[in-house]
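Peer 1: coords below, sequence missing:
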């Protein structure tokens, strides 16, 4: 008889524990404060147009590097086509460092703010002023 009572008490405690575990997520999520809205940055596709010289001719086969802030730890390496255009895949909006390296042209590097879903950035390269021997 004593074993039956112990078994029933143990079973009751087990069921009570399971109920607490089942309802804990629902009870823990209740609060008097309204939920803060999620911060979501949009995404964007970049079109980078690279021209050079006094004639503003397209710079083909230029290396285009997109570097994002350290917390994202993402970088993309692109190339311009014959029209001097490089297109990015979908990227997060925000600050991005764009670097351009092309033979015969001064290296370019500046930060740009990406805030539109489709954005065109025009970059003009100049000839280097000094020679490296």
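Peer 2: Done, it's in. As the structure is a computational prediction, the values presented were derived from the model and not from experiment.

Peer 1: Could you list the domains of this structure?
Peer 2: Domain ranges of the chain: 1-30, 43-125, per automatic domain parsing.

Peer 1: beta partners of the spatially closest residue to residue 85 that is not a sequence neighbour?
Peer 2: Among residues not flanking residue 85 along the chain, residue 49 sits closest, at 5.4 Å (CB to CB, 6 or more residues apart in numbering). For glycine as for every other residue, the C-beta is placed from the backbone atoms N, C-alpha and C. Using DSSP bridges, the bridge partners assigned to residue 49 are residue 85, residue 122.

Peer 1: Which residue ranges of the protein form helices?
Peer 2: 2-28 (DSSP state H).

Peer 1: so where is it shaky, pLDDT-wise?
Peer 2: The chain contains residues with pLDDT under 70 at 1-41, 71-73, 132-133.

Peer 1: Kindly recompute the last result at 50.
Peer 2: The chain contains residues with pLDDT under 50 at 30-31, 35-40.

Peer 1: if we can go back for a sec, unless I'm mixing things up, the residue nearest to residue 85 is touching residue 119, no?
Peer 2: No - when contacts are counted by CB atoms under 8 Å, residue 49 is not listed as touching residue 119 (11.3 Å).

Peer 1: Overlap in contacts, those two.
Peer 2: Overlap of the contact sets of residue 49 and residue 119 (by CB atoms under 8 Å, 6 or more residues apart in numbering) is empty.

Peer 1: picking up where we left off before, would you tell me which one of the domains of the chain is buried the most?
Peer 2: Most buried of the domains of the chain, by mean neighbour count (mean count of other CB atoms under 10 Å): domain 43-125, with a mean of 15.

Peer 1: What ranges does this protein have for its strands?
Peer 2: Using DSSP state E, the strands of the chain run over 43-52, 57-58, 63-67, 75-79, 85-87, 91-92, 94-101, 108-114, 118-125.

Peer 1: Spit out the contact partners of residue 66.
Peer 2: Residues near residue 66 by CB under 8 Å, 6+ apart: 46, 75, 76, 78, 88, 91, 96, 97, 98.
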